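1. 3D model of this:
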Amino acid sequence: MAKTVYYKTALVGGGITALDGINGALLVNNDAAFVNLNDIAYLYLLNSTIGGVEVIPDKIVPDVGSGTKRWVLQNLLMTGFTSTSTTSLLIGTGSKTLTIQTNKGFVVGMSVKIAYTTTPTKWMYGVITSYNATPGELIVEVESIQGSGTYAVWTISMSAPMQTAAGDIRWG
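-> From the prediction side, this is the model:
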């Protein structure tokens, strides 16, 4: 069973957005990571004893403190879980309705992050309450935010569940 679930937007390159940027000293066997890269979602589990060289995308080595720890790609490859929107929205909690591309893989109950594309450190996180795939209408109940302002350039992506203040993992 996974101990911690991470969400990243790059496989390698270090830094806070990359899977290999997670300090290996903090990782335990069976930690999980979702990586959303170019509209493809990857699922990784950490194997703390496998060792070996990095083979992208199948095996990712943490840049720091890796030892024998390796992120191993699981047999899961999904597309259609990233979208964009030009709907004008105020960053805030509550119900948000966006127009996105049609026929994406979003489903009710899925956790998503709605990030201001120009400055992705400004975002809203929530759970999908409705998605009508034909016109591309997405409704999200926003629970957490970072930043403020009204914007009309958004990137919407599947998100790993958030950890609550009590340390519990919140699954959409």
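2. Report the separation between the two terminal residues of stretch 106-116.
-> Terminal residues of stretch 106-116 are spaced 19 Å apart (CA to CA, to the nearest Å).
3. what's the answer for stretch 75-92, then?
-> 36 Å.
4. Check stretch 61-70 too.
-> By CA to CA, one end of stretch 61-70 lies 5 Å from the other end.
5. roughly how far out does it sit from the chain middle?
-> 21 Å (CA atoms, centre = their mean, to the nearest Å).
6. tell me, how many neighbours does Asn132 end up with?
-> 10 (other CB atoms under 10 Å). C-beta coordinates here come from the backbone N, C-alpha and C atoms, glycine included.
7. Looking at strand pairing, list the partners for it.
-> Glu137 (DSSP bridges).
8. Show the pLDDT at it.
-> What the model reports as pLDDT for Asn132 is 93.
9. could you measure it against Val53, distance?
-> According to CB to CB, to the nearest Å, Asn132 and Val53 sit 46 Å apart.
10. Average pLDDT for stretch 69-83, rounded please.
-> Stretch 69-83 comes out at a mean pLDDT of 79.
11. Going by neighbour count, list what's buried in that stretch.
-> Lys69, Arg70, Trp71, Leu73, Phe81, Thr82, Ser83 (16 or more other CB atoms under 10 Å).
12. Just give the nearest non-adjacent residue to Ile156, would you?
-> Excluding the flanking residues, the one nearest Ile156 by CB to CB, 6 or more residues apart in numbering is Ser83, at 4.7 Å.
13. OK, contacts around the one you found?
-> Ile100, Gln101, Lys104, Phe106, Gly136, Leu138, Thr155, Ile156, Ser157 (CB atoms under 8 Å, 6 or more residues apart in numbering).
14. contacting residues for the third one?
-> By CB under 8 Å, 6+ apart, Lys104 lies in contact with Gly80, Phe81, Ser83, Tyr131, Ala133, Gly136.
15. Recalculate using a threshold of 6 Å.
-> With contacts defined as CB atoms under 6 Å, 6 or more residues apart in numbering, Lys104 is in contact with Gly80, Ser83.
16. what's the answer for Ser157, then?
-> Taking CB under 6 Å, 6+ apart, one finds Asn36, Thr82, Lys113 in contact with Ser157.
17. could you redo the last one with a cut-off of 8 Å?
-> With CB under 8 Å, 6+ apart, Ser157 has these contacts: Thr9, Asn36, Phe81, Thr82, Ser83, Val112, Lys113, Ala115.
18. Spell out the secondary structure type for it.
-> Secondary structure, DSSP: H, G, I helix; E, B strand; the rest coil: Ser157 is strand.
19. now it: how far from Gly67?
-> From Ser157 to Gly67 the distance is 31 Å (CB to CB).
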